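> Kindly generate the corresponding structure for this input.
(one chain, ligands or ions: 1)
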Amino acid sequence: MKKTLTVRGLTIGEGAPKICVPLVGETLSQLKEEAVYLKTLDLDVVEWRVDFFEHVDDIEEIKAALGEIRAILTDTPIIFTFRSAKEGGEKEISTDYYFELNKIIAGSGQIDIIDVELFNEGNDIKAIIELAHRYGVFVIISNHDFDKTPSKEEIVSRLRKAMEIGGDIPKIAVMPRSSTDVLTLLDATNTMNEQYADRPFITMSMSGKGLISRIAGELFGSALTFGAAKQASAPGQIDVVELRRAINLLHSNL
Ligand SMILES: O=C1C[C@@](O)(C(=O)O)C[C@@H](O)[C@@H]1O
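Residues are numbered from 1 along each chain as shown. Below you'll find the predicted structure:
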């Protein structure tokens, strides 16, 4: 039996996939403007992609900005994500700083979910999961391949590893080079859903080719999907209004 996960009244892992929209502003004023705009949209979760932020190397500035974002978004679940350059993010930072930042923010009381990349030291990941849980924060353990789609076995294995290490929500985003690659991601998702997952997880095949994976999560097993407001944070994200419409279309026919 798969567990669901409830955050600020939102239950992830049942019914239609939940919609997450990334905040990608570079300056504090852009972030505040974006957050005000996101409040007007029909979305479920907001992800702050802090690697887009101009002061990403200053934890005090990040904390202050987060306070302002939280004050605007009040009841919306917030995911805090520093996406490393090697996994498609905007900036490179040292591993030490990556964990220091994530630990401080996990304990800040301002966020609900934190994204930690799977390709790190197991003990570092476990330490941050433990700390996050102490503060009631859920942890996404993520992996991204912006170049290709690994084999089905590899995708399932990475998602299972994210689960075994203690992540609350395993996640993988891969790039298709062909329609077969999209099927591989969907097949891996379906197998994970039917055979291995005991908790919600997230998968997507990126770019226009992979769009089906961003709308068909309810059928194959992905619990959350990313849509764009004004600016996408990854290739293939569609406008959040169209995304909701497509998801509802599938949902109402299942
Ligand atoms: O990991 C993900 C998924 C994503 O890469 C996507 O393809 O929608 C977008 C990122 O902002 C997010 O952190």
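
> which stretches of the protein have low pLDDT?
Within the chain, the stretches with pLDDT under 70 are 1.

> Could I get the full set of strands for it?
Taking DSSP state E as the test, the strands found in the chain are 5-7, 10-12, 18-23, 45-49, 78-81, 113-117, 138-145, 169-174, 202-205, 224-226.

> Pipe the ones you listed into a markdown table and attach distance to the ligand and mean neighbour count per row.
C-beta coordinates here come from the backbone N, C-alpha and C atoms, glycine included. Listed next are these as a markdown table, based on distance: least, CB to the nearest ligand atom, whole Å; neighbours: other CB atoms under 10 Å:
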| stretch | distance to the ligand | mean neighbour count |
| --- | --- | --- |
| strand 5-7 | 16 | 16 |
| strand 10-12 | 15 | 18 |
| strand 18-23 | 4 | 24 |
| strand 45-49 | 5 | 23 |
| strand 78-81 | 5 | 24 |
| strand 113-117 | 6 | 23 |
| strand 138-145 | 5 | 22 |
| strand 169-174 | 4 | 25 |
| strand 202-205 | 5 | 26 |
| strand 224-226 | 3 | 26 |
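
> Please determine whether stretch 243-254 lies in contact with the ligand.
No. Using CB under 6 Å from any ligand atom, stretch 243-254 never reaches the ligand; the gap is at least 10.8 Å.

> CA atoms of that stretch as CSV?
Only the C-alpha atoms of stretch 243-254 are listed here, as CSV (Å, rounded to 0.1, in the frame of the first residue of the first chain):
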residue,chain,number,x,y,z
LEU,A,243,-1.3,21.9,-17.7
ARG,A,244,-4.2,21.9,-15.3
ARG,A,245,-6.7,21.5,-18.2
ALA,A,246,-4.8,18.5,-19.6
ILE,A,247,-4.4,16.9,-16.2
ASN,A,248,-8.1,17.4,-15.5
LEU,A,249,-9.0,15.9,-18.8
LEU,A,250,-7.2,12.7,-18.0
HIS,A,251,-8.4,12.7,-14.4
SER,A,252,-12.0,12.9,-15.4
ASN,A,253,-11.7,10.0,-17.7
LEU,A,254,-9.9,7.6,-15.5
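
> Not counting it itself, show me its contacts.
Residues from elsewhere that reach stretch 243-254, judged by CB atoms under 8 Å, 6 or more residues apart in numbering: 15-17, 19, 42, 214-219, 225, 227, 238.

> would you list the residues you listed in JSON lines and tack on distance to F99?
Below are the contacts of stretch 243-254 laid out as JSON lines (distance: CB to CB, whole Å):
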{"residue": "G15", "distance to F99": "34"}
{"residue": "A16", "distance to F99": "34"}
{"residue": "P17", "distance to F99": "30"}
{"residue": "I19", "distance to F99": "29"}
{"residue": "D42", "distance to F99": "35"}
{"residue": "R214", "distance to F99": "30"}
{"residue": "I215", "distance to F99": "34"}
{"residue": "A216", "distance to F99": "35"}
{"residue": "G217", "distance to F99": "30"}
{"residue": "E218", "distance to F99": "34"}
{"residue": "L219", "distance to F99": "36"}
{"residue": "T225", "distance to F99": "28"}
{"residue": "G227", "distance to F99": "29"}
{"residue": "I238", "distance to F99": "33"}
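
> sorry, back to before: please identify which of the strands of the chain is closest to T180.
strand 202-205 (10.9 Å; CB to CB).

> counting contacts, what elements does that closest one pack onto?
strand 169-174, helix 179-191, helix 211-215, helix 217-220, strand 224-226 (3 or more CB pairs under 8 Å, 6 or more residues apart in numbering; DSSP states H and E).

> Let's see that with 7 Å instead.
strand 169-174, helix 179-191, helix 211-215 (3 or more CB pairs under 7 Å, 6 or more residues apart in numbering; DSSP states H and E).

> Of those, flag the one that's most buried.
Each of the helices and strands packed on strand 202-205 was scored by mean neighbour count; the highest is strand 169-174, a mean of 25, by mean count of other CB atoms under 10 Å.

> how big is the angle separating it from strand 138-145?
Interaxial angle of strand 169-174 relative to strand 138-145 (axes from the mean of the first three to the mean of the last three CA atoms, to 10 degrees): 20 degrees.
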